[in-house]
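Q: whatever this is, show me its structure:
(chains A, B, C and D)
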Amino acid sequence: MSIRVRYFASLREKMGRTEELISPEDLATVDDLWRAVNEGHPLPENLLCAINMEYADAGTAVHDGDEVAFFPPVTGG
Amino acid sequence: MSIRVRYFASLREKMGRTEELISPEDLATVDDLWRAVNEGHPLPENLLCAINMEYADAGTAVHDGDEVAFFPPVTGG
Amino acid sequence: MLIALRDRAFDPYAEISRFQSEIWGPAGKYGATSVFVGTMRDFNEGDIVQNLWLEHYPGMTERELSRIVDEAAQRWSFLEALVIHRVGAIEPSECIVLIAIWSTHRSAALDATRHILEALKHQAPFWKKETLAQGYRWVEKNTSG
Amino acid sequence: MLIALRDRAFDPYAEISRFQSEIWGPAGKYGATSVFVGTMRDFNEGDIVQNLWLEHYPGMTERELSRIVDEAAQRWSFLEALVIHRVGAIEPSECIVLIAIWSTHRSAALDATRHILEALKHQAPFWKKETLAQGYRWVEKNTSG
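A: Numbers count the residues shown, from 1 in each chain, chains lettered A, B, ... in the order given. Now for the predicted structure:
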């Protein structure tokens, strides 16, 4: 499968990249995806996630071709 | 004593006058004043009253030289 | 603080801009502005309203408006307030009331705006008389919202 | 309904006036307009802020704003909504967000404005990075009010 992963704001700076295209063998949820790009660490509670531009949870299923974004709490307005 | 009585809005039209200067012999409260100019009828519950431009009740004391206003519920804004 | 009665039509957004630039200059101190504009509708309670006459109690009206704004200023620590209310003959689509509150954070401005609007509607001595197709009608009571 | 992102400074009151005249023409249909304007302050959490960088998630940000306004429109029956939010580099005293709601009666406009503001602050993907005297700081969390 092929997944586009995007990072925003302070997380983007911490990760040192804006986005990456990953092709994992086997991956079911958002949390699995996060672990795949973070040496097995679970998704921190204070991070937010969106799949195809809609909010998702650590347990939400990820599918081939999805765009998955990770970011810190939002601070607009 | 001498009291200036003012009427506003629909009450002004109903009374047929904007204001009047009255000189009652003996008068203690707003309600007494209303009765004096309304053939002894008590102050209706749905009318508001102000003495010297501050809200007052039927029982508030009236003094010589006061300006007393009667008016219907307010409808600004 | 500016509280004013107007007997001519006014543009609420031009008033806000003017007040803001006069009061604040280079600004940067307020983070939130909350505004309410009440506008004359051409209908009320199912009837077409051609125009409106707004009667007030000169002296007491200004006094009540000041009291209401002062009271709100004590309860919420906002930075500035602008309240303008029309009196006299008003045509549909004209502004009847403008309330604008500037504060550091959003909740003070939002709360104070709402409070001042409700207090004004229930306490400030204004009375609306509507011109309908057949004759006149005094508005008996403000709606609850 | 108009929802827009802007990468240049804008005058919120000129935007309201323009939108209003385009949408309503001779008006008379709305009785209430509620407006919230969020402005960049030159201080935050005790520090002087020189300027602000507002990052967003192109595509998702617009989508979330639309969803928030649609949700509010279902809950309160307002007539029109205008939401404009800045992105990119912002200087003190510039407008960050404008929310304007038109309704027949006052409570729908007031309630919807507040709801949209809170929902936007908690759900729309925007992130503020402040330039201080010494370096940069990401704003970690919105204040509760």
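
Q: so which residue is smack in the middle of chain C?
A: residue C:97 (2.8 Å; CA atoms, centre = their mean).

Q: all helices of the chain, in order?
A: By default, I'm working from chain A. Shown for chain A, the helices assigned by DSSP state H span residues A:9-15, A:30-37.

Q: hmm, no, I was thinking of chain C.
A: Taking DSSP H to define them, one finds helices in chain C at C:12-24, C:60-75, C:106-123.

Q: can I get those helices in JSON lines with mean neighbour count?
A: From N, CA and C alone the C-beta is placed, and that goes for glycine too. Shown next, in JSON lines, are the helices of chain C (neighbours: other CB atoms under 10 Å in any protein chain shown):
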{"stretch": "helix C:12-24", "mean neighbour count": "17"}
{"stretch": "helix C:60-75", "mean neighbour count": "18"}
{"stretch": "helix C:106-123", "mean neighbour count": "22"}
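
Q: tabulate those (a markdown table), appending mean pLDDT and distance to residue A:68.
A: Supplementary listing: the helices of chain C in a markdown table, determined by pLDDT from 0 to 100; distance: least, CB to CB, whole Å:
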| stretch | mean pLDDT | distance to residue A:68 |
| --- | --- | --- |
| helix C:12-24 | 93 | 43 |
| helix C:60-75 | 98 | 47 |
| helix C:106-123 | 98 | 32 |
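
Q: of the helices of chain A, which is nearest chain B?
A: Closest approach to chain B among these is made by helix A:9-15 (42.8 Å; CB to the nearest CB).

Q: and that closest one, how far out from the chain's middle?
A: Here the centre of helix A:9-15 is set off from its chain's centre by 12 Å, with CA atoms, centre = their mean, to the nearest Å.

Q: now that helix: mean pLDDT?
A: Summarised as a single mean, pLDDT over helix A:9-15 is 97.

Q: does any part of that helix sit near chain D?
A: Yes. With CB under 8 Å from any CB of the partner chain as the criterion, chain D is reached by helix A:9-15 at A:9-10.

Q: buried residues of that helix, list them for me.
A: Burial within helix A:9-15, assessed by neighbour count using 16 or more other CB atoms under 10 Å in any protein chain shown, is assigned to A:9-12, A:15.

Q: between the helices of chain A, which one is closest to chain C.
A: Put simply, out of the helices of chain A the one that sits nearest chain C is helix A:9-15, at 20.3 Å, with distance taken as CB to the nearest CB.

Q: show me what that closest one is packed against.
A: strand A:67-71, strand D:126-132 (3 or more CB pairs under 8 Å, 6 or more residues apart in numbering or on different chains; DSSP states H and E).

Q: one more time with 10 Å, if that's ok
A: For helix A:9-15, the packing partners by 3 or more CB pairs under 10 Å, 6 or more residues apart in numbering or on different chains; DSSP states H and E come out as strand A:3-7, strand A:67-71, strand D:47-56, strand D:126-132, strand D:136-138.

Q: tell me which of those sits nearest to chain C.
A: Here strand D:47-56 is closest among those (CB to the nearest CB), at 8.9 Å.

Q: just the angle between that closest one and strand A:67-71, please?
A: 170 degrees (axes from the mean of the first three to the mean of the last three CA atoms, to 10 degrees).

Q: walk me through which strands strand D:47-56 pairs with, and which way each runs.
A: strand D:43-44 (antiparallel), strand D:88-90 (antiparallel), strand D:126-132 (antiparallel) (DSSP bridges).

Q: can you redo the buried residues of helix A:9-15 as a markdown table with distance to residue B:59?
A: Written out in a markdown table, the entries for these read as follows (distance: CB to CB, whole Å):
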| residue | distance to residue B:59 |
| --- | --- |
| A:9 | 64 |
| A:10 | 65 |
| A:11 | 67 |
| A:12 | 70 |
| A:15 | 73 |
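
Q: next, give me the two most distant ones among the residues you listed.
A: The largest distance within the buried residues of helix A:9-15, taken as CB to CB, falls between A:9 and A:15 and amounts to 10.6 Å.

Q: quick check: mean pLDDT of stretch C:130-145?
A: Stretch C:130-145 shows a mean pLDDT of 88 in the predicted model.

Q: quick check, residue C:75 in contact with residue C:107.
A: No. Counting by CB atoms under 10 Å, residue C:75 sits too far from residue C:107 to count as a contact (12.0 Å).

Q: CSV for the helices of chain C, including distance to residue B:76?
A: CSV is the format used below for these (distance: least, CB to CB, whole Å):
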stretch, distance to residue B:76
helix C:12-24, 16
helix C:60-75, 8
helix C:106-123, 6
